[in-house]
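Q: Coordinates for the following, if possible.
(one chain, ligands or ions: 1)
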Amino acid sequence: MTVKITFPQGFLWGAATASYQIEGAWNEDGKGESIWDRFSHTPGKISDGSTGDVACDHYHRWKQDLDLMAELGLQAYRFSIAWSRVVPKGRGNVNEAGLDFYDRLVDGLLTRGIAPFVTLYHWDLPQALQDEEGWPVRSTAEAFVDYANVVSARLGDRVKHWITHNEPWVAAFLGHGMGIHAPGVQDFQQAVAAAHHLLLSHGWAAPVIRANSQNADVGITLNLTDVVPASPSPMDYRAAREMDGFLNRWFLDPIFGRRYPADAIEWFEQVHGVQVNVMQEGDMDVIAAPIDFLGVNYYTRTVARDSSPDNLPRTIITDDAEFTEMGWEVAPRSLFHLLNRLHFDYQPANIFITENGAAFPDKVCKEGHVHDDRRLAYLKEHFKAAHDAIQCGAPLRGYFVWSLMDNFEWSFGYTKRFGVVYVDYETQQRIVKESGKWYSQVIAQNGFED
Ligand code: FCB
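A: Below you'll find the model as predicted:
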């Protein structure tokens, strides 16, 4: 028996991208260098030795990309602004040509009936600010507010959805703790400072954006996960609690006015030898600035296991699991749990899934199609989970697939394809994958048959 799954009226269906991953034109029309330009140009940092110098060449092909979005029937498009295209040195001089690019993009979206969701920071800090220590220092947060002011003053009449930051956890901890993302620093003390200044800059920027953009909705996007213990042992439960503090609550709690969680502060001290002492008076109130929506990026759940040798039993609950090309477990029910948890524990007024999707090894067949059945199945199961959470009352207002098209997947270069549109990087040809065609029908019907 088939069941028709229908989303609430007005549910917004979209797709997401990020500047460094698609734009290319890394040094054109006055753009300054970013930390991702520097990082990808450093030998050994990107697994396939590639860079974002050209990427999907979206900077030049934006019109045809917008036409493609219209063809798919997208109702919203989430993209990010390259700070160093607008303010090449991070602070000071504004590059009008850079602003013009985004201005045209916004007009092009609106002409096609697509709502722009702008992310101000998706990890590409101007290198000039990194040269002054970057996010671990407070002055970077101040520079971010000036930049947010410039962009929202210019686009705020037409852009009504603003996301200050994308995944500050990743920017802080992969960039400054583990060093596998730009700027490639390995120092947890700096990572915690970076996380704090990212959050602080969010809190400072929110009212500035609102002042420039009447009736705008301002939010922040976090990478969130459902942490489950690997076994019923008390030690794995404790490990799960710790991971939840590190991955989820470290950001959720302060944004929702609860300050940094005490257990996680202790964990940072004990496990990483980090003193959490970077906050100044009043900071936590700034960070708790009210948000209009929470952006949720969800890809997979996290199975937590205690590392001590005496932690028995070792029941592994992921044995029959399916994994994507990233090695991430396909775990749609965890999206359901996560959305409910956010709704019950934090009560955001509105939630958008600002990213969700999967990388699989796609191939173009002889007839020129891309039969990405596994991605289609992934999306369908996650839509069901999202729909179920809405039935439980989660205030989920929209969904953005990651990604509109295959692109530069950070330290993995071009080896991971996340798009619902395939990109042939030699010719820059775009081919809508089967999942993209299906997604387009879902949008048209505001749901699907299961
Ligand atoms: C998220 C990033 C996005 C993309 C996906 C796969 O962490 O926000 O840019 O790389 O992962």
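
Q: So which bits of the stretch 51-200 of the chain are right by the ligand?
A: With CB under 6 Å from any ligand atom as the criterion, the stretch 51-200 of the chain meets the ligand at residues 166-167, 170. In this view, the C-beta of every residue, glycine as well, is placed from N, C-alpha and C.

Q: now with 8 Å?
A: 122-123, 166-167, 170 (CB under 8 Å from any ligand atom).

Q: for the residues you listed, which one is nearest S334?
A: Minimum distance to S334 across these is 17.5 Å, recorded for E167 (CB to CB).

Q: Please name the nearest non-neighbouring residue to the closest one.
A: Leaving aside its sequence neighbours, E167 sits nearest to N223 (CB to CB, 6 or more residues apart in numbering; 4.3 Å).

Q: Please name the strands paired to the helix or strand of the chain with the lowest mean pLDDT in the sheet, noting orientation.
A: Least confident helix or strand of the chain, by mean pLDDT, DSSP states H and E, is strand 302-304 with a mean of 92. Paired neighbours of strand 302-304 in the sheet (DSSP bridges): strand 227-229 (parallel).

Q: Return the distance of the partner strand from the chain's centre.
A: Relative to the centre of its chain, strand 227-229 is centred 22 Å away, using CA atoms, centre = their mean, to the nearest Å.

Q: Quick check: next helix or strand after it?
A: helix 234-244 (DSSP states H and E).

Q: CA atoms only for that next one, dumped as PDB, please.
A: Output of helix 234-244 as PDB, limited to C-alpha atoms (Å, rounded to 0.1, in the frame of the first residue of the first chain):
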ATOM      1  CA  PRO A 234      27.800   2.700  31.800                       C
ATOM      2  CA  MET A 235      31.100   3.800  30.300                       C
ATOM      3  CA  ASP A 236      29.700   4.100  26.800                       C
ATOM      4  CA  TYR A 237      26.800   6.100  28.200                       C
ATOM      5  CA  ARG A 238      29.300   8.400  29.800                       C
ATOM      6  CA  ALA A 239      31.200   8.700  26.500                       C
ATOM      7  CA  ALA A 240      27.900   9.500  24.700                       C
ATOM      8  CA  ARG A 241      27.200  12.200  27.200                       C
ATOM      9  CA  GLU A 242      30.600  13.700  26.700                       C
ATOM     10  CA  MET A 243      30.300  13.600  22.900                       C
ATOM     11  CA  ASP A 244      26.900  15.300  23.100                       C
END
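
Q: Are there helices or strands packed against that helix, and which ones?
A: strand 227-229, helix 262-272, strand 302-304 (3 or more CB pairs under 8 Å, 6 or more residues apart in numbering; DSSP states H and E).

Q: buried set for the following helix or strand past it?
A: Using DSSP H and E, the helix or strand that follows helix 234-244 towards the C-terminus is helix 250-255. Buried residues in helix 250-255, counted by 16 or more other CB atoms under 10 Å: 250-255.

Q: Then stretch 86-96?
A: Buried residues in stretch 86-96 (16+ other CB under 10 Å): 86-91, 94-95.

Q: all strands for the chain, in order.
A: According to DSSP state E, the chain carries its strands in the segments 4-6, 12-16, 76-80, 115-121, 161-166, 217-223, 227-229, 293-297, 302-304, 351-355, 396-402, 421-424, 429-432, 447-449.

Q: can you list the residues that contact the first one?
A: Read that as strand 4-6. For strand 4-6, contacts defined as CB atoms under 8 Å, 6 or more residues apart in numbering pick out 383-384, 387, 445-450.

Q: Just the buried residues from the residues you listed, in ChimeraX please.
A: Per 16+ other CB under 10 Å, the buried members of these correspond to this ChimeraX selection:
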select :383,384,387,447,448
